[in-house]
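A.B. asks: Sequence first, predicted coordinates after that:
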Amino acid sequence: MGTLENRAIAERHWEFMYAKDWDGVASQFAPDAQYMDVGAVPPADRASVHVGDAHS
């Protein structure tokens, strides 16, 4: 995957985030992925969070 494809993925992710489209955000990750919003939760407090139903 090249730079343009990577950029398109990142831009799509942030479009979903800004729109608060949580199903769209979830669609960007594999079902077993872990996402931590840097600065939102201290690393010691990791928890599994289900975002939308994109992988149900």
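C.D. replies: Received the coordinates, thanks.

A.B. asks: what's around Ala26, how many residues?
C.D. replies: Residues near Ala26, counting by other CB atoms under 10 Å, number 19. Quick note: C-beta positions are derived from backbone N, CA and C, even for glycine.

A.B. asks: Give me the mean pLDDT for the longest helix along the chain.
C.D. replies: Looking across the chain with DSSP state H, the single longest helix is helix 3-18. In this model, helix 3-18 has an average pLDDT of 93.

A.B. asks: Give me the contacts around stretch 10-19.
C.D. replies: Here stretch 10-19 makes contact (CB atoms under 8 Å, 6 or more residues apart in numbering) with Asp21, Trp22, Gly24, Val25, Ser27, Gln28.

A.B. asks: In that stretch, which of the residues would be classed as buried?
C.D. replies: Neighbour-count burial for stretch 10-19 flags Phe16 (criterion: 16 or more other CB atoms under 10 Å).

A.B. asks: State the mean pLDDT of stretch 26-46.
C.D. replies: Averaging pLDDT along stretch 26-46 yields 72.

A.B. asks: coming back round to it: most neighbours among the contacts of stretch 10-19, please name it.
C.D. replies: Val25 (20 neighbours).

A.B. asks: gap between that residue and Ala33?
C.D. replies: Using CB to CB, to the nearest Å, Val25 is found at 11 Å from Ala33.

A.B. asks: coming back round to it: is it possible to get TSV of the contacts of stretch 10-19 that adds distance to Arg7 and secondary structure?
C.D. replies: Converted to TSV, the contacts of stretch 10-19 look like this (distance: CB to CB, whole Å; DSSP: H, G, I helix; E, B strand; the rest coil):
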residue	distance to Arg7	secondary structure
Asp21	19	coil
Trp22	23	helix
Gly24	17	helix
Val25	18	helix
Ser27	18	coil
Gln28	14	coil
